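Peer 1: Here's my sequence, what's the structure:
(one chain, ligands or ions: 1)
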Amino acid sequence: MPVTVKSFAKINLGLRIGPLRPDGFHELLTVYQTIGLHDVLRISLQRGAGIEIQCADPRVPRDESNTCFRIAEKVMTALGAKGRVIIEIEKRLPVQGGLGGASANAVATLLGVERALRRPMPAAERLRIATEVGSDLPLFFIGGTILGVGRGEQVFPLPDFPAMSCVVVTPEIGVSTPRAFAEWDRRSEPSKLTALSGSDRMNELSRELSAWLSELYSSAPSGSMARRGRAGNPLLALVRAGIENDFEEVVFPEYPKLGQAKRALVHAGAKYASLSGSGSTLYGLFASRQASSLAVARLRKAGWAARMTSTLTRAAYWRGVYGN
Ligand code: C5P
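Peer 2: As a prediction, this is how the structure comes out:
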């Protein structure tokens with residue numbers, strides 16, 4: 001019997017790109033949020049050796065360029081385990097979509113192999129392996145609302161906020177993250193003397209996040225985050241603070257359709273809309289399920305591929321990962 005693991009997507013609630021580091025990565029500051037959209041992975045172990053990826057979607061690679069392939073190899077080596085790992089990927093999330101699909105698939109593979117072998121690894125070992133595969137894997141070991149710093153791989157759980165309705169628009173465009181970073185560097189070069197530097201931009205978001213958290217804690221007795229009435233959903237309070245995704249500056253000029261999709265979400269009633277990661281997915285946060293369902297109908301009528309979902313609390317995330 002294969003082990004079935006759900007691999008949930010994430011969105012970025014604000015993302016600031018900082019300075020380019022000597023190791024070729026950029027400093028980042030972001031808030032990740034897991035959402036209900038997901039792929040399904042089935043992991044099984046057979047006699048023999050090697051890794052086999054099965055997926056009906058032709059855009060998903062079957063070789064070592066697949067994050068699942070790489071992580072499965074690393075886990076088997078780390079555990080000194082023998083056998084052939086079969087990874088079946090039921091792809092529902094967009095490929096190169098900014099929802100962390102490939103990263104979430106890799107974490108689901110690690111969890112699935114551990115379960116199939118009945119040999120869980122210590123958290124530090126899991127993180128070491130995940131970080132070698134990509135910057136936005138570690139967030140999927142936490143779920144819910146998460147602060148991401150460093151190159152995005154250093155993750156810290158934020159309070160578990162109530163779920164919020166969300167609409168995701170997935171244009172048929174694949175955006176390359178390394179290319180988007182390179183374009184960011186090219187554009188920021190001439191304006192370095194006048195514009196906010198990478199570090200200033202990160203400090204700005206840091207201050208906004210600190211103000212948001214201290215506001216939440218100064219007005220809510222501990223443990224009552226889920227019952228906050230007057231101030232509304234804490235995630236809405238966060239986006240009201242004016243958070244931005246720096247990737248919009250380089251991705252929207254190259255793909256004008258994505259800027260149009262963001263405007264369409266706002267037009268359809270989103271309280272906040274943004275590109276997720278480097279795109280091409282856009283999301284909108286809505287005040288109610290009813291508002292998001294009306295927005296989906298409206299967006300689809302206008303020709304956008306829109307899906308309704310909601311943010312996932314940490315508890316719901318972990319119920320879902322191994323749930324039916
Ligand atoms: O870590 P990940 O494999 O997702 O990164 C893909 C590429 O994106 C890196 O090789 C690097 O070019 C770029 N990147 C970056 N700064 C980050 C994360 C990724 O420049 N913080």
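
Peer 1: going forward, measure contacts between C-alpha atoms and count neighbours the same way
Peer 2: Fine.

Peer 1: Please parse this structure into its domains.
Peer 2: Following automatic domain parsing, one gets these domains for the chain: 3-160, 165-315.

Peer 1: least reliable of those going by mean pLDDT?
Peer 2: Taking the average pLDDT of each of the domains of the chain, the minimum falls on domain 165-315, with a mean of 88.

Peer 1: How about it and the ligand, touching?
Peer 2: Yes: on the criterion C-alpha under 6 Å from any ligand atom, domain 165-315 is in touch with the ligand at 177, 178, 181.

Peer 1: Keep only those of these that are in strands.
Peer 2: In strands, defined here by DSSP state E, there are no members of the residues of domain 165-315 next to the ligand.

Peer 1: Highest neighbour count among these?
Peer 2: Neighbour counts for these (other C-alpha atoms under 10 Å) peak at residue 181, which has 19 neighbours.

Peer 1: ok, that residue - contacts?
Peer 2: For residue 181, the contact set (C-alpha atoms under 8 Å, 6 or more residues apart in numbering) comprises residue 247.

Peer 1: So residue 78 belongs to a strand, correct?
Peer 2: No: the assignment for residue 78 (DSSP: H, G, I helix; E, B strand; the rest coil) gives helix, which keeps it out of a strand.

Peer 1: So stretch 130-146, near the ligand or not?
Peer 2: Yes: for stretch 130-146, a contact with the ligand is found by C-alpha under 6 Å from any ligand atom, at 134, 135, 136.

Peer 1: Can you tell me the SS state at the residue in the stretch 201-324 of the chain that the ligand sits nearest to?
Peer 2: With distances taken as C-alpha to the nearest ligand atom, the stretch 201-324 of the chain approaches the ligand most closely at residue 278, which sits 9.8 Å away. For residue 278, the secondary-structure state derived from three-state DSSP is coil.

Peer 1: need the contact list for it.
Peer 2: Residues counted as contacts of residue 278 (C-alpha under 8 Å, 6+ apart) are 97, 98, 175, 176, 177, 180, 247, 248, 251.

Peer 1: For ChimeraX, write a command that selects the buried ones of these.
Peer 2: For the buried members of these, the matching ChimeraX selection, counting by 16 or more other C-alpha atoms under 10 Å, is:
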select :97,98,175,177,180,247,248,251
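
Peer 1: Which residue ranges of this protein form strands?
Peer 2: Taking DSSP E, the strands of the chain run over residues 3-20, 26-46, 51-55, 84-90, 145-149, 154-157, 165-169, 272-275, 282-286, 306-310.

Peer 1: and the ones you listed as JSON lines, adding mean neighbour count?
Peer 2: Formatted as JSON lines, these follow (neighbours: other C-alpha atoms under 10 Å):
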{"stretch": "strand 3-20", "mean neighbour count": "24"}
{"stretch": "strand 26-46", "mean neighbour count": "22"}
{"stretch": "strand 51-55", "mean neighbour count": "17"}
{"stretch": "strand 84-90", "mean neighbour count": "21"}
{"stretch": "strand 145-149", "mean neighbour count": "22"}
{"stretch": "strand 154-157", "mean neighbour count": "18"}
{"stretch": "strand 165-169", "mean neighbour count": "25"}
{"stretch": "strand 272-275", "mean neighbour count": "27"}
{"stretch": "strand 282-286", "mean neighbour count": "26"}
{"stretch": "strand 306-310", "mean neighbour count": "21"}
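
Peer 1: And the ones you listed: which comes nearest residue 188?
Peer 2: Closest of the strands of the chain to residue 188 is strand 3-20, at 10.3 Å (criterion: C-alpha to C-alpha).

Peer 1: on contacts alone, who are the packing partners of the closest one?
Peer 2: The criterion is 3 or more C-alpha pairs under 8 Å, 6 or more residues apart in numbering; DSSP states H and E, and the helices and strands that strand 3-20 contacts are strand 26-46, helix 101-117, helix 198-219, helix 314-321.

Peer 1: Pipe these into JSON lines and attach distance to residue 304 per row.
Peer 2: Formatted as JSON lines, the entries for those read as follows, by distance: least, C-alpha to C-alpha, whole Å:
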{"stretch": "strand 26-46", "distance to residue 304": "17"}
{"stretch": "helix 101-117", "distance to residue 304": "20"}
{"stretch": "helix 198-219", "distance to residue 304": "31"}
{"stretch": "helix 314-321", "distance to residue 304": "27"}
